[in-house]
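Undergrad: what shape does this take:
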Amino acid sequence: NRAENSNGSRRMQSINSLRLYPAVFLSCSGWLATAIWHLSLALLVMLCLSTGRATAAEQNYDTLVEQALTYRNDGNFVAAEQSLRQARDLASDTREVDYLLGMVLAFQERFEESMGLLDSALDTYPSDTQLQLAKGRVHSYLGQYSQSLTWVNRVLADQPDNLEALVLSARVNFYNENYA
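TA: You can find the predicted model right below:
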């Protein structure tokens, strides 16, 4: 009896020291309950931090893209490229940033790099209109008008009223002195 009282007393001390622990841990021995509690807290903290990071990453992505657009509009293509590369590292869907980065590279006359990036993006997102039109634009910058029109016509086949594609088609035909 005395041994039971001693064990019961120790158990009560352990339980009293675990006041904040959930009731499920009361059936475990003191050290096991403590280990489970600490593991649960660590998992909870990791979950909270990862959720916070996702939100921060989304905010950082948007901020970086907005910053890149400002730089691009100011003609600071090097800074725009840096912001877009940082945004790309945060993106799960890279369509938007690949389009913007492909164009910024083309504005810096880094056409081969631009084409490589756009080709890679089109491998992942083959039906993306913006990527197709970006590819057409870069071909037009290089004077490759027939390749440019191939990309523009792909868009127009699916979206005959796409204003951006119609304007690019007219521009490419004008550059190619095809006034028909």
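
Undergrad: what strand or helix carries Tyr71?
TA: Here Tyr71 sits within helix 30-73, counting by DSSP states H and E.

Undergrad: now the element after that helix, going C-ward?
TA: Next helix or strand after helix 30-73 toward the C-terminus (DSSP H and E): helix 77-90.

Undergrad: show me what secondary structure element comes after that next one.
TA: Next element after helix 77-90 (DSSP H and E): helix 95-107.

Undergrad: and the angle from that following helix to helix 77-90?
TA: Interaxial angle of helix 95-107 relative to helix 77-90 (axes from the mean of the first three to the mean of the last three Cα atoms, to 10 degrees): 150 degrees.

Undergrad: helix 95-107: which residues count as buried?
TA: Buried residues in helix 95-107, counted by 16 or more other Cβ atoms under 10 Å: 95-106. To be clear about C-beta, it is placed using only N, CA and C from the backbone, and glycine gets the same treatment.

Undergrad: could you dump these to TSV with pLDDT?
TA: Listed next are the buried residues of helix 95-107 as TSV, based on pLDDT from 0 to 100:
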residue	pLDDT
Arg95	96
Glu96	96
Val97	97
Asp98	97
Tyr99	97
Leu100	97
Leu101	98
Gly102	98
Met103	98
Val104	98
Leu105	98
Ala106	97
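
Undergrad: which one of these sits closest to Glu164?
TA: The closest of the buried residues of helix 95-107 to Glu164 turns out to be Tyr99 (Cβ to Cβ; 12.0 Å).

Undergrad: I'd assumed Lys135 was in contact with that closest one.
TA: No - using Cβ atoms under 8 Å, Tyr99 makes no contact with Lys135, being 9.7 Å away.

Undergrad: so for the helix or strand containing Gln132, mean pLDDT?
TA: Gln132 belongs to helix 129-141 when assigned by DSSP H and E. Averaged over helix 129-141, pLDDT sits at 97.

Undergrad: who touches that helix?
TA: Helix 129-141 is contacted from outside by 95-96, 98-99, 102-103, 106, 111, 114-115, 118-119, 121-122, 125, 145, 147-152, 154-155, 158-159, 162, 164-165, 168, 171-172, 175, using Cβ atoms under 8 Å, 6 or more residues apart in numbering.

Undergrad: what's around Gln144, how many residues?
TA: Gln144: 15 surrounding residues under other Cβ atoms under 10 Å.

Undergrad: what pLDDT does it get?
TA: 96.

Undergrad: what about this structure, any weak spots by pLDDT?
TA: The chain contains residues with pLDDT under 70 at 1-58, 179-180.

Undergrad: try it again with 80
TA: Scanning the chain for pLDDT under 80 picks out the ranges 1-59, 178-180.

Undergrad: list the contacts for the closest residue to Leu166 other than its chain neighbours?
TA: Excluding its sequence neighbours, the residue lying closest to Leu166 (Cβ to Cβ, 6 or more residues apart in numbering) is Leu156, at 7.2 Å. By Cβ under 8 Å, 6+ apart, Leu156 lies in contact with 162, 165-166, 169.
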